[in-house]
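Undergrad: pasting the sequence and the predicted model now:
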Amino acid sequence: MAYFRKVKNGWRAEIRRKGLPGRSITLPTKAQAQAWAAQQEADIAAGKLGQYPAKTVAEAFRRYELEVSKKKRGGKAEALRFEAFIRDFPLLAGKIFHEVTTADLAMWRDERLKHVGGSSVLRELAQLRNVWTVARKEWLWCGDSPWTALTLPPKGKPRKTIARWKQMRRILRRLNYRRGVAPTKPKEEVAYAWLIAHYTALRASEVLSLSRSTVDLEKRTIFLEEHKTVEDVGERLIPFFPRVLPLLQVLDDAARASGRDKYFTLSAHSLDQRFRHYRDSVLIEGLQFRDSRAAALTWMSRRIDVLTLAKISGHKDLRMLIEHYYRETPEQISARL
């Protein structure tokens, strides 16, 4: 028998038959819910629907990767998370998909929290939860999602690590940075990438995408076709401060002389690995390449208004800029007043 009830996001249809697992779905309108229920009951009557398929969690991950992840810009990162889950939680990955319980997921959550922060677990959780959503709505592999009753971990506090100038100088020396001299070695490219990130608030992937065709040195603008929030805001054209112009000019001249368009030859993985290696070699702990974005936005927040800062950073939520990047202490504000 089919049951219908009004919920926050539309109409929820539930089908209950003796000897069969319950099935449910939430759709925008009651008519759609009724149509879905009628089709489900017709399939049950025709013998098309029985027990859920005996597919494992690992099989769900592989299908999701092929049908969903590959269409996303971050598909490779999702695939790596699936591989890590299968490697680190083989018993859970081998469990029948529709038999996974909230207790199983709580075990996964608690184990992950021993190694990473709450924010990281929340990001992983969002990806995994969507696998169950797709499997329930499109593949018909399970009933209600076990994620619904799971208690979420608290979101971790934002990082506050920013490189001090003395630390920057030590790392830049180790990277063999020379002002006005084009980089010829990978570690010298790391130095240029890190400095540009500090002056522009660009992410590592965005810095590495810089090229002669995306940087306008005369108008002092950078065109970003691909970036983290491209699905939400589309392509971006961002301005940059005059202080970064000499760095970009050196890279532009070097790229033109070598006959290539892109400024950098490094991959994102190589950039991160090399930065960590040279950072450790000068005995600096905790600093990450991505901290350069926070340093840049903190520096900019004291010089330009928040709307202009949002235009540069790409933030849609101004509270993020005010709460996390405007880091003046009351004493500093008092002194400035």
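TA: Good, I have the coordinates.
Undergrad: which other helices and strands contact the strand or helix carrying Tyr199?
TA: Assigned by DSSP states H and E, Tyr199 belongs to helix 186-200. Helices and strands touching helix 186-200, by 3 or more C-beta pairs under 8 Å, 6 or more residues apart in numbering; DSSP states H and E, are helix 165-174, helix 204-208, helix 245-258, helix 268-281, helix 291-301. Every residue, glycine included, has its C-beta placed from N, CA and C.
Undergrad: mind giving me the domain split of the protein?
TA: Annotated domains of the chain cover 2-45, 57-139, 165-336 [automatic domain parsing].
Undergrad: if we can go back for a sec, what comes into contact with the helix holding Tyr199?
TA: The contact list for helix 186-200 (C-beta atoms under 8 Å, 6 or more residues apart in numbering) reads 163, 168, 171-172, 174-177, 183, 202-204, 207-208, 210, 222, 238, 240-241, 243-244, 247-248, 250-251, 263-266, 270-271, 274-275, 278, 289, 292-293, 295-296, 312.
Undergrad: tell me the buried residues within those.
TA: Buried members of these, scored by 16 or more other C-beta atoms under 10 Å, are 163, 168, 171-172, 174-175, 177, 183, 202-204, 207-208, 210, 222, 238, 240-241, 244, 247-248, 250-251, 263-264, 266, 271, 274-275, 278, 289, 292-293, 295-296, 312.
Undergrad: quick one on the thing from earlier: identify whichever of the helices and strands packed on helix 186-200 lies nearest to Glu124.
TA: helix 268-281 (19.2 Å; C-beta to C-beta).
Undergrad: count of residues packed around the nearest residue to Arg12 once chain neighbours are set aside?
TA: Once flanking residues are discounted, Arg12 sits nearest to Thr26: 4.7 Å by C-beta to C-beta, 6 or more residues apart in numbering. Look at Thr26: counted by other C-beta atoms under 10 Å, it has 16 neighbours.
Undergrad: contacting residues around Thr26?
TA: Applying C-beta under 8 Å, 6+ apart, the residues near Thr26 are 7, 9-13, 33.
Undergrad: which residues of the stretch 1-150 of the chain fall in strands?
TA: Ranges of strands in the stretch 1-150 of the chain, per DSSP state E, counting those that start in this stretch, are 2-7, 10-15, 23-27.
Undergrad: closest to Val100 out of those?
TA: Nearest to Val100 among these is strand 23-27 (16.8 Å), distances taken as C-beta to C-beta.
Undergrad: was I right to think Arg136 contacts Thr148?
TA: No: applying C-beta atoms under 8 Å as the test, Arg136 and Thr148 come out as separate, 10.8 Å apart.
Undergrad: with neighbour numbers in mind, choose between the two.
TA: More crowded of Arg136 and Thr148, by other C-beta under 10 Å: Arg136, with 20 against 9.
Undergrad: check contacts around that one.
TA: Counting by C-beta under 8 Å, 6+ apart, the residues that Arg136 touches are 25, 142-145.
Undergrad: quick check, pLDDT for it.
TA: pLDDT, Arg136: 90.
Undergrad: ok, it to Gly10 distance?
TA: 15 Å (C-beta to C-beta, to the nearest Å).
Undergrad: and Gly94, by the same measure?
TA: 35 Å.
Undergrad: who has more neighbours out of the two?
TA: Comparing Gly94 with Gly10 by other C-beta under 10 Å, the one with more neighbours is Gly10, at 15 against 12.
Undergrad: list the beta-bridge partners for that one.
TA: In this entry, Gly10 is beta-bridged to Val7, by DSSP bridges.
Undergrad: was I right to think it contacts Ile25?
TA: No: counting by C-beta under 8 Å, Gly10 does not reach Ile25; the two are 9.7 Å apart.
Undergrad: what's the closest non-adjacent residue to Ser301?
TA: Tyr326 (4.5 Å).
Undergrad: typed the wrong thing, it's Asn9
TA: Nearest one to Asn9, counting by C-beta to C-beta, 6+ apart, is Thr26 at 5.6 Å.
Undergrad: burial measure for Leu27, as a count.
TA: 18.
Undergrad: is it correct that it is in contact with Trp11?
TA: Yes: at 5.9 Å, Leu27 counts as touching Trp11 under the criterion of C-beta under 8 Å.
Undergrad: now do the shared contacts for those two.
TA: Ala33.
Undergrad: so where is the stretch 201-337 of the chain shaky, pLDDT-wise?
TA: Low-confidence segments of the stretch 201-337 of the chain, defined by pLDDT under 70: 227-234, 327-328.
Undergrad: now with 80?
TA: Scanning the stretch 201-337 of the chain for pLDDT under 80 picks out 226-235, 311, 314-333, 336-337.
Undergrad: the strands of the stretch 1-150 of the chain: which one's closest to Arg63?
TA: Comparing those by C-beta to C-beta, strand 23-27 comes nearest, at 19.3 Å.
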